[in-house]
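Asks: Provided below for reference: sequence and predicted model.
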Number of protein chains: 2
Amino acid sequence: MAIKIRKLKKKDKAALIEILQNTPEFTAEEVVIAEEVIDGSLDNPDKSGYFSLAAENEEGVLIGFISYGPVPMTQYAWDIYWLAVKSEFQGYGTGATLLKAAEGKIAQTGGRMVFIETSGKAQYDKTRRFYINNDYKEVCNITDFYAPGDDKVIYQKIL
Amino acid sequence: MAIKIRKLKKKDKAALIEILQNTPEFTAEEVVIAEEVIDGSLDNPDKSGYFSLAAENEEGVLIGFISYGPVPMTQYAWDIYWLAVKSEFQGYGTGATLLKAAEGKIAQTGGRMVFIETSGKAQYDKTRRFYINNDYKEVCNITDFYAPGDDKVIYQKIL
């Protein structure tokens, strides 16, 4: 499958929200917050500090996106906020392509380390494996952070 | 010294900014961000997610403040964002009194864990000792997070 990475556009919004709503790892609250980040990146990335990239297939269909931004008060640390790939298009490397594209943009602007936070719950095993396979290392684990039995795991990649 | 803890008011703003600007641990960028948090807590704490408390002495002079708020997407985790005490009034327990007052408010609204992030640099030794003396435990240390040689240390207290 040929994947094209491009800037996210305002016309992608409806397709994006549909992807978020159909991603079982995201709660309703997370979809609302992800939408705020997406809006910030569409309106004014330099002001909001939120940047997004889209992935589309050879037919021009939006199949995934990534949102990221610099960590305030740091010299070169960046966060990946959201990464999602439409379920029927998972398994073709779209997530890894989006992640590498974001890392490339981050490095271009002087970023030198990237962080991703996720849950330690069993249903996020695939997510955590994905980051480890993409050379992210666990640097922090906070027990019961999100809720009882739901730890926060922080991954880091040095660029 | 008798310390009174009360809600922060709009009329405190100028005195607050002066305290921030005269706190050597804060950079100019940090003062700007702290001001955004303070404004959010003055305008609408429930909407902004930022809450603040003020400390005044027996003469009604503002001598310190604390800002804190719930961590989005968590069930009961809260962050302490900013805590400052006017330099000539340090050493009388005002910081600890502000911290305990914030912890009390957090516990009242169902919060069960509190996080504080600070720098690992030598000039923050006093700050880190203060948190340890107030029963915060180090849960994470990220090398060179803020800048080369400037680690981030995360402290946690279970309420």
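Replies: Sure thing, it's come through.

Asks: tell me the phi and psi of residue A:8?
Replies: Main-chain torsions, residue A:8, degrees, to the nearest 10: phi -80, psi 140.

Asks: Correction: the previous question concerned residue A:111.
Replies: Per-residue torsions, residue A:111: phi -70, psi 140 (degrees, to the nearest 10).

Asks: Just give the number of residues close to it.
Replies: Neighbour count for residue A:111, taken as other Cβ atoms under 10 Å in any protein chain shown: 21. The C-beta positions use only the backbone N, C-alpha and C, and glycine is treated the same way.

Asks: so where does the closest residue to it other than its chain neighbours fall, helix or strand?
Replies: Of all residues not flanking residue A:111 in the chain, residue A:78 sits nearest, at 4.4 Å (Cβ to Cβ, 6 or more residues apart in numbering or on different chains). Using DSSP states H and E, residue A:78 sits in strand A:77-85.

Asks: helix/strand/coil for residue A:156?
Replies: strand (DSSP: H, G, I helix; E, B strand; the rest coil).

Asks: Strand partners (parallel or antiparallel) of the strand holding residue A:78?
Replies: Within its sheet, strand A:77-85 is paired with strand A:62-70 (antiparallel), strand A:113-119 (parallel), according to DSSP bridges.

Asks: want to try JSON lines for these, with mean neighbour count as columns?
Replies: As requested, the strands paired with strand A:77-85 are arranged in JSON lines below (neighbours: other Cβ atoms under 10 Å in any protein chain shown):
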{"stretch": "strand A:62-70", "mean neighbour count": "24"}
{"stretch": "strand A:113-119", "mean neighbour count": "20"}
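
Asks: What is the neighbour count of the residue nearest to residue A:111?
Replies: Counted with other Cβ under 10 Å, the burial measure for residue A:78 works out to 27 neighbours.

Asks: got it, and residue A:145?
Replies: 25.

Asks: ditto for residue A:90
Replies: Using other Cβ under 10 Å, residue A:90 is surrounded by 15 other residues.

Asks: same deal with residue A:47?
Replies: A count of neighbours around residue A:47, defined by other Cβ under 10 Å, yields 8.

Asks: Next, give phi and psi for it.
Replies: The phi/psi pair for residue A:47 (degrees, to the nearest 10) is phi -80, psi -40.

Asks: I'd like the distance between it and chain B.
Replies: From residue A:47 across to chain B, the span is 13 Å (Cβ to the nearest Cβ, to the nearest Å).

Asks: Residue A:35 is in contact with residue A:19, isn't it?
Replies: No: between residue A:35 and residue A:19 there is no contact under Cβ atoms under 8 Å: 11.5 Å.

Asks: and for these two, which residues touch both?
Replies: With Cβ atoms under 8 Å, 6 or more residues apart in numbering or on different chains applied, the contact sets of residue A:35 and residue A:19 do not overlap.
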